[in-house]
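> here's a sequence, model it:
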Amino acid sequence: MSDSNEESIHISKDGVKLSYYRYVSESTPGFLFVLISIVYLKLAQFGIVSSELTNIFLKIKLSEDFKIVLIFILFIIAMPIGGLISAISYYFFGWIEVLLLKIIVRFNLFLTILPKRAYDYNKIKNNYDLNSNNFLNKGYKIQRKNEVLNNKISKIGIKANRTFARNLIFVFVYFFLLLSINLSGLNLLLSSILILLIVVFLGLICALELFVSHLNIFLADYNSNK
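Reported below is the predicted structural model:
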């Protein structure tokens, strides 16, 4: 996968340059978080949803002009909010992609999902004695080894689409938690199943990205040692 999809911040004498992909992967969830919060408060204002927190907010009397300014400010700080979401989602949901990656490698699911990469994996599997438990760690060790040796080898970058998918998990879970306050019985059960399917789907995207990144590391190291 192209390095153009890597998140990156470049600091130079000309200033700080933020990767377009990093901006999109973090600002979009930030915008969604702000938008969902505003919509939820609006629904609470019309009595469609209700919670103790929204009741506190609704008791605060603000002029229409101030509300417009406040909404504008919230959208301005969507990027920092997205950065915070990125850190939180990595801490709380990073284990999902690791678990799914182990399942993918353990049961050779990539043969169905990524058939074109199956040959690459089989080529290096025995050479590195790979399995679901050591696939990640060995990939990182090879990366660090080649960085020390200054070899030109594909790096395991933090990919923007992986970060974006993980951040969306946070946004969907946040949205579900807001709705679950006003749900019960069958509606709560169906909503729980739906959010679980969404989390698994987005986690699978992260896991496949991680699998391909590590596979590229092994292939580059394998070819360089021929």
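> where's residue 195 relative to residue 27, distance?
For residue 195, the distance to residue 27 equals 23 Å [Cβ to Cβ, to the nearest Å]. Heads up, the C-betas are built off the backbone N, CA and C, glycines and all.
> then residue 120?
In terms of Cβ to Cβ, residue 120 sits 34 Å off from residue 27.
> how far does the strand or helix carrying residue 206 sit from the chain's center?
Counting by DSSP states H and E, the element that carries residue 206 is helix 185-224. A distance of 9 Å separates the centroid of the chain from that of helix 185-224, by Cα atoms, centre = their mean, to the nearest Å.
> any buried residues in that helix, and which?
For helix 185-224, the buried set under the neighbour-count rule, 16 or more other Cβ atoms under 10 Å, comprises 195, 198-199, 202-221.
> equivalent analysis for stretch 88-100, please.
For stretch 88-100, the neighbour count (16+ other Cβ under 10 Å) marks 89-90, 93, 96-97, 100 as buried.
> got it, and stretch 121-136?
121, 124, 130, 135-136.
> shaky segments in the protein?
Applying pLDDT under 70 to the chain flags the ranges 1-23, 51-60, 62, 111, 147-160, 226.
> quick check, central residue of it?
The structure's the chain has its C-alpha centroid closest to residue 166; by Cα atoms, centre = their mean the separation is 1.8 Å.
> residue 93 is in contact with that residue, correct?
Yes: assessed by Cβ atoms under 8 Å, residue 166 is found in contact with residue 93 at 5.6 Å.
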